[in-house]
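Visitor: Return a 3D structure for these sequence lines:
(3 chains)
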Amino acid sequence: MPRLCRSTRRAMGLLALTVCPLLPAAARASASDTPPALQAGACSVRGLMDDIRRGLHSGSASYQRYLRTLLREAAVTLPDAELRDAFSRETDPVMAEHLAAALVARSEREADLQAMDVVAQRALQDADPAIRAATLRAMRRTSALERTGDLYERMVRDDSPLVRQEAATNLIEDNARVYAGQYGPAADTAVAAAAASTDPAVTARILDNLSTEKVSAESTGRLVSLLRSDDANVRKAAVNALGGVPAEQMQGARESLLAMYREEKDANVRKALLQSVAQLGFQGAIPDLQRLRAMDPRLASEADAWIQVLGSGLQEWSLLLREKQRLQQAP
Amino acid sequence: MRSTLKTSLAALAALALIPASAAAHTVKGTHTGSVTALTYYSSGTFHGAVDIGAGGRCNYWGAETGVVGSVYWAVTIRTSGVVCNGNGSGNQNEARHAWQSGWTFRQWHFIKTADSRNRTCDRCQVGNIGGTGNSTGPHAHLQQDKLGTKNTSWYKGYVSVGSAVTRAKTIGVLD
Amino acid sequence: MTPDSSHRSAAPLAGAPRRRALLLAAAAGAVLLGGVALLARGEDGGATDSGHAAAAELSRKAAAGGRGPGGPAGAGGAPGEEPPPPRFEEAVCWRELARFDTAVTLENFRAWAAPLLASGDSLVADYLTERLTELIGQDADRAAQVLAWARDAGPDEFEVLMTALRGSEAVHHAQVATRMLAQGMDATLDGARRAGILSALDTQKRFEPAALDTLTTFAKDPVAGEAGWAATRTIARVMKRDFEAKGQVAPYMDALLTIGTESPDEQIRYLALSTPMLSTPVLDEQSLARYAQVLTQEGSPDGREAAAHNLSVSGDGARVLELFSQSFAQERETCVRWALFRFAARAAGREALPVMANMALIDPRFQPLYQTFEQLYASGLHDFVRLWNSLPDQDPFGCLVGHD
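Guide: Numbering: from 1, shown residues only, chains lettered A, B, ... in the order given. Below you'll find the predicted structure:
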């Protein structure tokens, strides 16, 4: 109906306004009744960057997302030198992140395996923390953990707390989304970085969110060392991480955790100990949990919840965790 | 994995200048060809996956991993030579990505090349489209299963038997 | 295993789909969006032709040129054969898209989007979908308008309209969802269209009993076809959503098990029986009993396998173990036996080993597998998913690939 009214209006002039139903104010008032001359063409680095800049200023959220994706997808055939040059000259963090993501895409799609190196260098060396943070974000959910050597051990020690946290997010998300915890070296990189960081919030966050099912014995050793940290959150996170170690290391982890319980005064750390003991033993952990229960009345209900859930006989940790949470949320 | 993962990531997403992408993964075509089988073979036997034929063209198309986005691929080679029309069940070359909770995406039957190795990539080539394993012609078999039980809901509606496929074509979406 | 590969030409089918294939070759095509398979009309539906000339020209250039190192690694093609296409396709950039973005409204959307849709560029199609979702917003009337358009839209436009509606906030208005459900049941619309509409209900946060009932009755109807399949999948997906938001699965399990046992369509039965694995519910007494029946009475082996899978997570692992033990002896299909064997471990962990040892006595092919499981448990593993991922061979009987 609106289309008919538009053409009718043009044909009949103002008279048509009385004939056509009232159009929404925005459409009527808009000077752009003529459809845009949408023409398909080749993409260029310059053209895309201009579009992105304008889009960030006045485009819809969906348009901004489209442009970002388009740059990433176009990157495999865009001229390498021009892309690298644009990236090296870019000082605006948002634009730098877009260009970095494009270079990273060239690596990930295997158009140019070295392209990511340029981004990693900038992450390490740029004077602007906003740029360092932006380039890290551009490497999120990629093979970066395999290609950047000790970058992450350094980035978790960056002067800027924002940059440290972005690095932590990469370690967490890459292990979860790219590897699903199945690739040991990536998890080891995360543990090493967590241990190297002097920011307890960073260390704790990484270890609280890491699947350790394929970590090396060396990583497990690092985690055990962190059990002695002065920071309760770090101790708790190390406990959490130890609950998930591979079969070969489970016995050692269990012993370290059980030994720790008596001297540990922090209730949250003790709570984590109960959880990790449960994870390491499943049904076989019930006797341990009963003993630990006796040591701390504050955590009696927590121990009981684990004993009940383990007694259900479910054979997947994610299900046990889920059922325990449902148990404690029930009215 | 810990339950704290979702909350902490959500909180940090707010700090990012550019919004993170969604969790679902799109699967694109592995090569140029057409869909030759879906949930059932023409004989009626259950298949529960997507077969993309190569029209008889063997060792020609690079076998691109279909999943969009960087994921780790475990490549298992069971047949080293060029095989186009099958060499028995269990001999297929496989590229496999394991998700959480026992979910796995698998891609089969390609011919071994220098590219056939474990690695993390976004749509890379892991061999050439061929017929290693239980196969009557060169094709790519794509499936999603949980603990070995096939999921048939990820490809339905995107392709039907006979659909033309290119690497730009969406084959399905993994939840 | 490709049956009939000699009967299918390598080139896309003649006519409209062929043109579409050429247009698709121009697109870069990849967006990470939460997806739904909307069952729009198939490839033979016919694309609209207007405004695709430039894109088609671009795609012909891209496809014809041997630009850069391309195509297969180590190509084994015969001499004189057509060179392989470039490894990467060039992306398409659109002039005036910024103006489109600013000036598009719900009223002019269809007209303005048409040339973009016709081009076959999947990236821009994804953009159009998201833009339309923004335009719909929370407005129930706008949602209704889009749904009305979907009644006669061509396949590409239909996909955009319904995906946009599915992702909008307005889809959560009761009146919008009710209308979609009604349209899904409207027999004057063709099956593929209804399937797409029912698929777009899968972002609902939950289903009321009445809606579940309607969907269930419809899905198991012998003439439901594609739409019945879509209804089933929608139930499973909403169940997952509701369950993760701490809702109850019982009504959904009841629905799926009813469809899974009463639909005459084997594909729909399999879908209904298997998709609870998206949520991994702990089966209650009632669901356990119903799945137990499927294990002995379902005619298709894959349906029985789906039952074994879901039975392995229940409130009564001992009972399930006993059930598997009995079923194994009577089961003739190797792949179902393999399911009973490995899911016994999922049901009861290390305690399943004696039963599994017995299965291996009944069927000696399972002897080496028993030893593997025994070793894995002895190494200290408990978690079944870890065990599964540690198996040297996840497919000892070639069940994953199936047999022709």
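
Visitor: B:S153 reaches C:T234, doesn't it?
Guide: No: in this structure, B:S153 is not within contact of C:T234 by CB atoms under 8 Å, at 10.0 Å. For the C-beta atoms, the positions are set from N, CA and C on the backbone; glycine is no exception.

Visitor: how about residue 112, what does it touch?
Guide: Since no chain was named, I'll use chain A. By CB atoms under 8 Å, 6 or more residues apart in numbering or on different chains, A:D112 lies in contact with A:D80, A:R106.

Visitor: Let me rephrase: I mean chain C.
Guide: A:P35, A:P36, A:L38, C:F100, C:V104.

Visitor: C:L353 - how many residues pack around it?
Guide: 17 (other CB atoms under 10 Å in any protein chain shown).

Visitor: got it, and A:E218?
Guide: 11.

Visitor: and B:I52, backbone torsions?
Guide: phi -110, psi 110 (degrees, to the nearest 10).

Visitor: B:W73 versus that one, what's the distance?
Guide: 18 Å (CB to CB, to the nearest Å).

Visitor: Please say which of these two ends up with more neighbours.
Guide: Neighbours per residue (other CB under 10 Å) separate B:I52 from B:W73, with B:I52 holding more: 29 against 21.

Visitor: Let me see the confidence value for that one.
Guide: According to the prediction, B:I52 has pLDDT 96.

Visitor: Touching, it and B:A164? I think so.
Guide: No: counting by CB under 8 Å, B:I52 does not reach B:A164; the two are 10.0 Å apart.

Visitor: Common neighbours of the two, please.
Guide: Shared contacts of B:I52 and B:A164, counting by CB under 8 Å, 6+ apart, come down to B:S34.

Visitor: Next, the buried residues of stretch C:270-286.
Guide: Within stretch C:270-286, the residues scored as buried using 16 or more other CB atoms under 10 Å in any protein chain shown are C:270-283.

Visitor: any idea of the mean pLDDT in that stretch?
Guide: According to the model, stretch C:270-286 has a mean pLDDT of 97.

Visitor: cool, and stretch A:320-331?
Guide: For stretch A:320-331, the per-residue pLDDT averages 88.

Visitor: near chain B, anything from that stretch?
Guide: Yes: with CB under 8 Å from any CB of the partner chain as the criterion, chain B is reached by stretch A:320-331 at A:L321, A:Q325.

Visitor: In chain B, what residue lies closest to chain A?
Guide: Of all residues in chain B, B:T120 sits closest to chain A, at 3.7 Å by CB to the nearest CB.

Visitor: Look at that residue and tell me its secondary structure.
Guide: strand (DSSP: H, G, I helix; E, B strand; the rest coil).

Visitor: Neighbouring strands - and their directions - for the longest strand seen in chain B?
Guide: Scanning chain B for the strand with the most residues, using DSSP state E, yields strand B:139-146. Sheet pairing of strand B:139-146 (DSSP bridges) gives strand B:50-53 (antiparallel), strand B:103-108 (antiparallel), strand B:149-151 (antiparallel).

Visitor: Please verify my assumption that A:A267 contacts A:P297.
Guide: No: taking contacts as CB under 8 Å, A:A267 lies outside contact range of A:P297: 11.0 Å.

Visitor: who has more neighbours, these two?
Guide: A:A267 (13 against 8).

Visitor: Determine the number of other residues adjacent to residue 156.
Guide: With no chain named, the answer covers chain A. 27.

Visitor: please go with chain B instead
Guide: 23.

Visitor: Ok, the one 10 residues further on next?
Guide: Each residue near B:T166 was counted by other CB under 10 Å, and the total is 21.

Visitor: got a pLDDT number for it?
Guide: Note for B:T166: predicted pLDDT of 91.

Visitor: how about the nearest residue to it, chain neighbours excluded?
Guide: B:T32 (5.0 Å; CB to CB, 6 or more residues apart in numbering or on different chains).

Visitor: List the contacts of C:M185.
Guide: Counting by CB under 8 Å, 6+ apart, C:M185 has contacts C:R194, C:T214, C:F218.

Visitor: okay, these in CSV with secondary structure and neighbour count next?
Guide: Below are the contacts of C:M185 laid out as CSV (DSSP: H, G, I helix; E, B strand; the rest coil; neighbours: other CB atoms under 10 Å in any protein chain shown):
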residue, secondary structure, neighbour count
C:R194, helix, 25
C:T214, helix, 17
C:F218, helix, 21
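
Visitor: hang on, the earlier thing: tell me if I'm right that the residue nearest to B:T166 and B:R167 touch.
Guide: Yes: assessed by CB under 8 Å, B:T32 is found in contact with B:R167 at 7.3 Å.

Visitor: neighbour count winner among the two?
Guide: Taking other CB under 10 Å, B:T32 and B:R167 do not tie; B:T32 has more neighbours (28 against 24).

Visitor: and the gap between the more buried one and C:F109?
Guide: 33 Å.

Visitor: The residue of chain B closest to chain A pairs with what?
Guide: Going by DSSP bridges, B:T120 forms beta bridges with B:Y72.

Visitor: about what we covered before: what about dumping the CA coordinates of the longest strand of chain B to CSV?
Guide: The C-alpha trace of strand B:139-146 is given here as CSV (Å, rounded to 0.1, in the frame of the first residue of the first chain):
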residue,chain,number,x,y,z
HIS,B,139,32.2,-37.0,-1.3
ALA,B,140,32.3,-35.3,2.0
HIS,B,141,30.2,-36.6,4.9
LEU,B,142,29.4,-34.1,7.6
GLN,B,143,27.8,-35.1,10.9
GLN,B,144,27.2,-33.9,14.4
ASP,B,145,26.8,-36.5,17.1
LYS,B,146,26.6,-36.6,20.9
